[in-house]
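Engineer: Pasting the sequence and the predicted model now:
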Amino acid sequence: MNTEILLTPYHKNIQLKNRVVMAPMTRSRAANEENAPTEDLHVPYYTQRASAGLIITEGSQVSKAAVGYVNTAGIHSKAQVEGWKKVTESVHDAGGTIFIQLWHVGRMSHPDFHNGNLPLAPSAINPNAKSFTSEGFKDTVTPKAMSKEEIKATVTDFVNAAKNAVEAGFDGVEIHSSNGYLFHQFFNATSNTRTDEYGGSIENRTRFFFEVLDAVKEVIPQEKIGVRFNPSLNGLFGMTMDEETIPTFEYIIKKLNDYNLAYIHMSEPFTDVSDIPYAVQHIAKHFRPLYNGTLMINAGFDQESGNKVIEEGNADLVAYGKLYISNPDLVERFKNGHELSKWDEDTFYTPGKEGYLDYPTYQEKAQIV
Ligand SMILES: Cc1cc2nc3c(=O)[nH]c(=O)nc-3n(C[C@H](O)[C@H](O)[C@H](O)COP(=O)(O)O)c2cc1C
């Protein structure tokens, strides 16, 4: 029997059969008018991966205004809820546990998604990035600074999405407050230059996030809510760090001790940040002492480093992204010491089954050879 820590159960608010988590990944397979998950694609894709301790779904837009990439599945319409119901039923039947990631991209979007209107953001500052539209990558534009009414309406969108998630049978939700999207845009002073109660001080820049969290926990128990952060994101998704960035995340993480969440999900830096004076290079190590609850860590881990980060006490759970694209049976491969398959970047976001449903398990592969 394999007794390594990654493969042992985890019980604290959430009951997980192991500590291997499938990280949220946009795959752009909801290529239908409703942007609903489908029985042909999403159901088998997530079911194939049900041996993970926890699956976190692809980022799913909480409203039409929240979208920024083509063919991403949403969680705001009846058809989407019906589609997700089939996914959760099938994953549960296979013994899995599944959270949905609730997503608003903010300024990381394009007018093509909004009938020609501008995407919403804390401030009218162009991230100078790209948006993946039905006509390919397009330059982002200068977004519209959200009015207070629009901020309030967005809080309501998250609440409705969380209600829909419960109706669809999810075991919980993860609020996507990471990777340069809407909440992250509020956190960072380079993307938020507001002068009202949502900008300026650290408390003000984090206000919108906590308003959403407080409202969402009224419709789904906080023990079933996860939140995601990428504090040292710099030079990607339009994000630029400054001297207040890390203190802002330290404030958020410490404040989250007053909640009783399922977990905080953090990413190690996506790029080399050794020459960025404001960046923290070792996220788990830096933030673990600040937080009493469950800490999930991600980015660049393999089996060995995943075990190590837990053994050293710097995290409780490890989320695997790209490895889960190409290894649906990642847990079984870890258990048996089987070789891992490599992912194909060219089919990350292409329509249909290719590069989505056709990665064999180790056993299937052995039979093919
Ligand atoms: C194809 C692809 C899509 C992704 N989509 C999302 C997403 O929807 N939400 C999110 O929080 N992160 C997303 N990510 C980031 C992953 O969750 C993860 O942070 C990243 O892949 C690094 O982990 P890894 O080194 O284990 O792959 C995506 C990554 C990839 C490769």
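Structural biologist: Yep, that arrived. Keep in mind the model is a prediction, meaning the values are calculated, not measured. Numbering: from 1, shown residues only.

Engineer: From here on, just use CA atoms for contacts and neighbour counts.
Structural biologist: Fine.

Engineer: which parts of the stretch 1-150 of the chain sit against the ligand?
Structural biologist: Taking C-alpha under 6 Å from any ligand atom as the measure of proximity, the stretch 1-150 of the chain contacts the ligand at 23, 24, 25, 26, 27, 58, 59.

Engineer: Report the two of those separated the most.
Structural biologist: Checked with C-alpha to C-alpha, those reach their widest spread between 23 and 27, with 12.1 Å between them.

Engineer: which parts of the helix or strand bottoming out on mean pLDDT in the chain are buried?
Structural biologist: Of the helices and strands making up the chain, the lowest-confidence element is helix 362-368, at a mean of 87, by mean pLDDT, DSSP states H and E. Neighbour-count burial for helix 362-368, counted by 16 or more other C-alpha atoms under 10 Å, picks out residue 362.

Engineer: Likewise for stretch 337-350?
Structural biologist: By 16+ other C-alpha under 10 Å, the buried positions in stretch 337-350 come out as 340, 341, 343, 348, 349, 350.

Engineer: Equivalent analysis for stretch 187-204, please.
Structural biologist: Using 16+ other C-alpha under 10 Å as the test for burial, stretch 187-204 gives 187-194, 198-204.

Engineer: Likewise for stretch 348-358?
Structural biologist: Using 16+ other C-alpha under 10 Å as the test for burial, stretch 348-358 gives 348, 349, 350, 351, 355, 356, 357.

Engineer: May I have that stretch exported as PDB, CA atoms only?
Structural biologist: Provided in PDB are the C-alpha atoms of stretch 348-358 (Å, rounded to 0.1, in the frame of the first residue of the first chain):
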ATOM      1  CA  PHE A 348      -5.900  23.300 -24.800                       C
ATOM      2  CA  TYR A 349      -8.700  25.500 -26.200                       C
ATOM      3  CA  THR A 350      -9.800  23.800 -29.400                       C
ATOM      4  CA  PRO A 351     -13.400  22.600 -29.900                       C
ATOM      5  CA  GLY A 352     -14.400  18.900 -29.600                       C
ATOM      6  CA  LYS A 353     -13.000  15.700 -28.200                       C
ATOM      7  CA  GLU A 354      -9.400  15.900 -29.500                       C
ATOM      8  CA  GLY A 355      -7.000  16.800 -26.700                       C
ATOM      9  CA  TYR A 356      -9.900  16.600 -24.300                       C
ATOM     10  CA  LEU A 357     -11.300  13.100 -24.000                       C
ATOM     11  CA  ASP A 358      -8.700  11.200 -25.800                       C
END
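
Engineer: quick one: it to chain centroid distance?
Structural biologist: 20 Å (C-alpha atoms, centre = their mean, to the nearest Å).

Engineer: What of stretch 224-236?
Structural biologist: Using C-alpha atoms, centre = their mean, the offset of stretch 224-236 from its chain centre is 8 Å.

Engineer: what about it, start to end distance?
Structural biologist: Taking C-alpha to C-alpha, to the nearest Å, stretch 224-236 runs 30 Å from one end to the other.

Engineer: Which residues does that stretch contact?
Structural biologist: With C-alpha atoms under 8 Å, 6 or more residues apart in numbering as the test, stretch 224-236 has contacts from 13-14, 171-180, 217, 239-241, 245-246, 249, 261-271, 273, 279-281, 283.

Engineer: May I see the PyMOL selection of the buried members of the residues you listed?
Structural biologist: Entered in PyMOL, the line below selects the buried ones among these, by 16+ other C-alpha under 10 Å:
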select buried, resi 13+14+171+172+173+174+175+176+177+178+179+180+217+239+240+241+245+246+249+261+262+263+264+265+266+267+268+269+270+273+279+280+281+283
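
Engineer: from the stretch 1-150 of the chain, which residue is nearest to the ligand?
Structural biologist: Taking C-alpha to the nearest ligand atom, the ligand has its nearest neighbour within the stretch 1-150 of the chain at residue 25, 3.3 Å off.

Engineer: Next, the contact list for that residue, please.
Structural biologist: So residue 25 contacts 57, 58, 59, 321 (C-alpha under 8 Å, 6+ apart).

Engineer: between those residues, which is closest to residue 254?
Structural biologist: For the contacts of residue 25, the nearest to residue 254 is residue 59 (25.3 Å; C-alpha to C-alpha).

Engineer: Okay then, goodbye and thanks.
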